[in-house]
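Engineer: give me coordinates for this.
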Amino acid sequence: MDPVLYKSILSYNGTEFAGFQRQANARTVQAEFEQALRQLGWQGQSIHAAGRTDAGVHARGQVVSFRLAWDHSENDLVKALNYYLPQDMAVSSVEVADADFHPRYSAIWRRYRYHVICQPVRDPLREMFAWRVWQGMDLERMNLAAQDLIGSHDFKAFGAPTSDSGVTVREVFAAEWQQEGDEYRFDITANAFLYHMVRRTTLMLVEIGQGKFPVTTIAEGIRTGQLPLNGLAPAQGLVLEEVSYN
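Structural biologist: Sure thing, here's the model as predicted:
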């Protein structure tokens, strides 16, 4: 039978991965997924993905596509893939995609969530999936600053383009912090993101929440193309939550 184009939702714990994209001498999400596909007779050259997450970044809603000659049900394909995938990866769904579907170029928005915990003593378990800071954060200040992200802007101060010829204009649809006890969650949704954009933005907002920079810092960064900090929030706090398509 001829290969069929499939769309799959993939989750993974990014702790032990050197990122999504295949690398010559490192363990990556792409390489592990392609190895599982080969066990099912896949003969393709490369899968496609909605985004190339950094080393240590997690995903709950990564989307990948691949062509496969498979004469069983989609549910059977989910089971077969999960049988061959390592324990820190799992497929939640598989469906036949339209012929022109591409997980990256067909997407209309992506949503990331960043987890921060605020307490003085380290917490080895929670810190696998969150950034621990110690100095109180003002939720109202962070949300006021985050509102300046919304809209279509040149975000060159916040990240790098994903290709040498790429532009740095992105449209942010929503950006909001929520607090529950000592845990803070930052959700940001955009049509696409620059390389390191979410982690740099998160670092800046946390610093604003701690009173180290004025609330207007985000707006000034967009206006001038420069930020007072060039660092990044740690990778382990970030999760690719969802990618949406028409």
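Engineer: flag every buried residue along the helix or strand containing R60.
Structural biologist: For R60, the enclosing helix or strand under DSSP states H and E is strand 58-68. Judged by neighbour count using 16 or more other CB atoms under 10 Å, the buried positions of strand 58-68 are 58-59, 61-68. Heads up, the C-betas are built off the backbone N, CA and C, glycines and all.
Engineer: quick check: closest non-adjacent residue to A18.
Structural biologist: In space, A18 comes closest to A26 once its chain neighbours are excluded; the distance is 3.7 Å by CB to CB, 6 or more residues apart in numbering.
Engineer: near the one you found, how many other residues are there?
Structural biologist: For A26, the neighbour count with other CB atoms under 10 Å is 12.
Engineer: that one contacts E16, doesn't it?
Structural biologist: No - at 10.4 Å, A26 does not count as touching E16 under the criterion of CB atoms under 8 Å.
Engineer: low-confidence ranges in this structure?
Structural biologist: In the predicted model, the chain carries no residue with pLDDT under 70.
Engineer: domain assignment for it?
Structural biologist: In the domain annotation for the chain, the residue ranges read 4-96, 108-245 (automatic domain parsing).
Engineer: how distant is the longest one from the center of its chain?
Structural biologist: Average the C-alpha atoms of domain 108-245, do the same for its chain, and the two points are 12 Å apart (CA atoms, centre = their mean, to the nearest Å).
Engineer: distance of the residue positioned nearest the centre of the chain relative to W70?
Structural biologist: Nearest to the geometric centre of the chain sits L240, at 3.2 Å (CA atoms, centre = their mean). Spatial separation of L240 from W70 under the definition CB to CB, to the nearest Å is 26 Å.
Engineer: again, but for R132
Structural biologist: Taking CB to CB as the measure, R132 and W70 are separated by 44 Å.
Engineer: also E16?
Structural biologist: 28 Å.
Engineer: so between those two, which is more surrounded?
Structural biologist: It is W70, of E16 and W70, that has more neighbours when counted by other CB under 10 Å, with 19 against 11.
Engineer: ok, now which ones touch that one?
Structural biologist: Under the criterion of CB atoms under 8 Å, 6 or more residues apart in numbering, the neighbours of W70 are 4, 6, 40, 77.
Engineer: which SS state does it fall under?
Structural biologist: Assigned state for W70: coil (three-state reduction, DSSP: H, G, I helix; E, B strand; the rest coil).
Engineer: am I right that E32 is in a helix?
Structural biologist: Yes - using three-state DSSP, the assignment for E32 is a helix.
Engineer: burial measure for it, as a count.
Structural biologist: Other residues near E32 number 18, with proximity taken as other CB under 10 Å.
Engineer: and the contacts of the lengthiest helix in the chain?
Structural biologist: What stands out as the longest helix in the chain, according to DSSP state H, is helix 197-209. With CB under 8 Å, 6+ apart as the contact definition, helix 197-209 has outside contacts at 54, 112, 114, 116, 131, 133, 137-139, 141-142, 145-146, 149, 155, 158-159, 170, 177, 186, 188, 213-215, 217-218, 221, 227, 229-235, 237-238.
Engineer: who does the helix or strand that contains E140 touch, helix- and strand-wise?
Structural biologist: In this structure, E140 sits in helix 139-146 according to DSSP H and E. In terms of contacts (3 or more CB pairs under 8 Å, 6 or more residues apart in numbering; DSSP states H and E), helix 139-146 is packed against strand 169-180, strand 183-190, helix 197-209, helix 217-224.
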